[in-house]
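1. Sequence plus the predicted model coming up.
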Amino acid sequence: MTTGRPSVGQALEQVAAWKAAQLDENRTKIAEVDTELSKLQATLANLQEQLASLQQAREQLGTLDLSDGLITRSYEAIFDALRHQAGEVVQRASATAAAERARRDQVFAEIQTGELAPLAAEYTQFKEQVAPTLAALPESYRGAIQQHHQGITEKLRSFLATRFAGPADVDAAPIEVEVVFGVDAPEGTPEVLICVLPITDVTFTHWNERDTDLSTLIGARVAQSIYETTKRTGPAGAQAIRGGHQGLLAMEVDLDGASADFATVLQDTMKAVLGGAPELAAAKVSITPRQVDFDYLLPPEAEDEEA
């Protein structure tokens with residue numbers, strides 16, 4: 001008799017169909033997972049390659065030697081900066097010379113037209129008219145005239161000494177420049193000093209053809225600083241060799257026999273000498289001594305030759 005319910009056989013067939021469906025679904029998922037695994041494995045292999053490449057790059061960066069490039073770039077940077085500063089010093093030297101000329105003209109104009117004008121006229125008259133005739137005068141007259149002239153001379157000298165008591169002030173904005181030096185002390189004991197100034201090399205190479213100006217005064221003050229330092233630290237009788245390099249004035253001193261604190265003493269001495277120079281103050285020029293690595297002041301080509 002039919003009841004409308006599946007038979008046991010039909011029920012088992014349904015179970016078998018369910019099983020087959022589950023197996024098919026499972027195989028499909030396994031295939032999908034295998035596909036994703038393959039992709040991830042490929043991605044992982046690529047990442048491992050990138051990781052190895054980055055690790056190699058990291059090791060190379062960790063052992064990078066910048067010494068040669070650092071020396072060359074520092075050398076070029078220092079001399080470029082000092083050449084620019086030397087140009088400022090040249091311009092300021094012109095301004096200081098103009099200030100001195102203006103003061104001189106003003107002082108002599110004051111002598112010619114001010115309260116001292118009669119004395120100046122009498123002084124000129126004596127030189128031009130009286131002095132040539134003194135030998136013909138009696139000694140008593142000659143002595144009186146000379147004594148009177150000496151009094152006029154002293155008054156004029158006193159006036160000029162007051163007006164020219166110090167350097168003329170420059171009406172300009174202050175400028176700041178540097179004196180750069182390096183001390184070679186490979187074993188702790190100073191051996192050589194190189195000092196580069198913010199002034200052009202013609203200050204030395206054409207010394208006899210130039211009037212004394214701000215550049216020569218800066219050179220003299222730096223030399224003063226060096227010699228005062230060697231008196232305190234040695235070596236005795238040290239001499240600075242001067243010459244041009246890269247268009248700038250450089251000084252080199254053999255320091256054999258100097259004490260280990262030479263660089264420190266030189267720094268302090270330069271600050272005192274340059275900071276206390278009245279001609280630099282009047283010119284509104286501030287000079288800072290700056291110590292750098294000795295190798296930064298050597299031409300790169302010289303290093304290549306030694307290598």
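-> Sure thing, it's come through.
2. Can you show me the helices along the protein?
-> In the chain, helices defined by DSSP state H lie at 8-62, 67-113, 117-125, 139-163, 202-205, 214-233, 262-275, 278-282, 300-306, listed in chain order.
3. So which residue is smack in the middle of the chain?
-> Geometric centre of the chain, nearest residue: residue 178, 4.8 Å, by C-alpha atoms, centre = their mean.
4. dump the residue contacts of it.
-> The contact partners of residue 178, taken as C-beta atoms under 8 Å, 6 or more residues apart in numbering, are 81, 82, 85, 198, 287, 288, 289, 290. (C-beta placed from N, C-alpha, C; glycine too.)
5. Name the nearest residue to residue 263, sequence neighbours excluded.
-> Closest residue to residue 263 apart from its sequence neighbours, by C-beta to C-beta, 6 or more residues apart in numbering: residue 183 at 4.6 Å.
6. Give me the residues contacting stretch 289-304.
-> With C-beta under 8 Å, 6+ apart as the criterion, stretch 289-304 contacts 68, 71-72, 74-75, 78, 178-185, 192, 194, 196, 225, 245, 250, 263, 266-267, 270-271, 274.
7. Stretch 100-111 too?
-> Outside stretch 100-111, the residues within contact range by C-beta under 8 Å, 6+ apart are 116, 117, 120, 156, 159, 160, 163, 164, 167, 168.
8. For the residues you listed, which ChimeraX command selects only the ones that are buried?
-> Buried residues among these (16 or more other C-beta atoms under 10 Å), as a ChimeraX selection:
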select :116,120,156,159,163,167,168
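9. what's the closest of the contacts of stretch 100-111 to residue 25?
-> Among those, residue 167 lies closest to residue 25 (C-beta to C-beta), at 102.5 Å.
10. Pretty sure residue 218 sits against residue 199.
-> Yes: between residue 218 and residue 199 a contact is recorded at 5.4 Å, counting by C-beta atoms under 8 Å.
11. Show me the common contact partners of those two, please.
-> Contact criterion C-beta under 8 Å, 6+ apart; residues shared by residue 218 and residue 199: residue 89.
12. Flag the shaky bits of the stretch 201-307 of the chain, pLDDT-wise.
-> Within the stretch 201-307 of the chain, the stretches with pLDDT under 70 are 301-307.
13. Could you pull up the residues touching residue 224?
-> Shown in contact with residue 224 (C-beta under 8 Å, 6+ apart): residue 273.
14. contacting residues for the residue nearest to residue 284 when sequence neighbours are not counted?
-> Ranked by C-beta to C-beta, 6+ apart and with sequence neighbours excluded, the top spatial neighbour of residue 284 is residue 174, at 4.3 Å. Taking C-beta under 8 Å, 6+ apart, we find residue 174 in contact with 284, 285, 286.
15. ok, and the closest non-adjacent residue to the last one?
-> Read that as residue 286. Spatial nearest neighbour of residue 286, chain neighbours left out: residue 176 (4.7 Å); criterion: C-beta to C-beta, 6+ apart.
16. hang on, that neighbour packs against residue 280?
-> No: the pair residue 176 and residue 280 does not pass the contact test of C-beta under 8 Å, sitting 11.2 Å apart.
17. shared neighbours, these two?
-> Counting by C-beta under 8 Å, 6+ apart, the common neighbours of residue 176 and residue 280 are 286, 287.
18. Next, the contact list for residue 210, please.
-> 202, 203, 216.
19. one step back: with distance to residue 132 added, can I get the helices of the chain in JSON lines?
-> Shown next, in JSON lines, are these (distance: least, C-beta to C-beta, whole Å):
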{"stretch": "helix 8-62", "distance to residue 132": "88"}
{"stretch": "helix 67-113", "distance to residue 132": "23"}
{"stretch": "helix 117-125", "distance to residue 132": "12"}
{"stretch": "helix 139-163", "distance to residue 132": "12"}
{"stretch": "helix 202-205", "distance to residue 132": "43"}
{"stretch": "helix 214-233", "distance to residue 132": "39"}
{"stretch": "helix 262-275", "distance to residue 132": "48"}
{"stretch": "helix 278-282", "distance to residue 132": "40"}
{"stretch": "helix 300-306", "distance to residue 132": "65"}
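20. Mind checking those helices for the one nearest to residue 133?
-> helix 139-163 (9.5 Å).
21. what's that closest one packed up against?
-> On a contact count with 3 or more C-beta pairs under 8 Å, 6 or more residues apart in numbering; DSSP states H and E, helix 139-163 meets helix 67-113, helix 117-125.
22. residues of that helix that come out buried?
-> Residues 145, 146, 149, 152, 156, 159, 163 are the ones in helix 139-163 that count as buried (16+ other C-beta under 10 Å).
23. hang on, the earlier thing: for the residue nearest to the centre of the chain, give me the pLDDT.
-> pLDDT, residue 178: 98.
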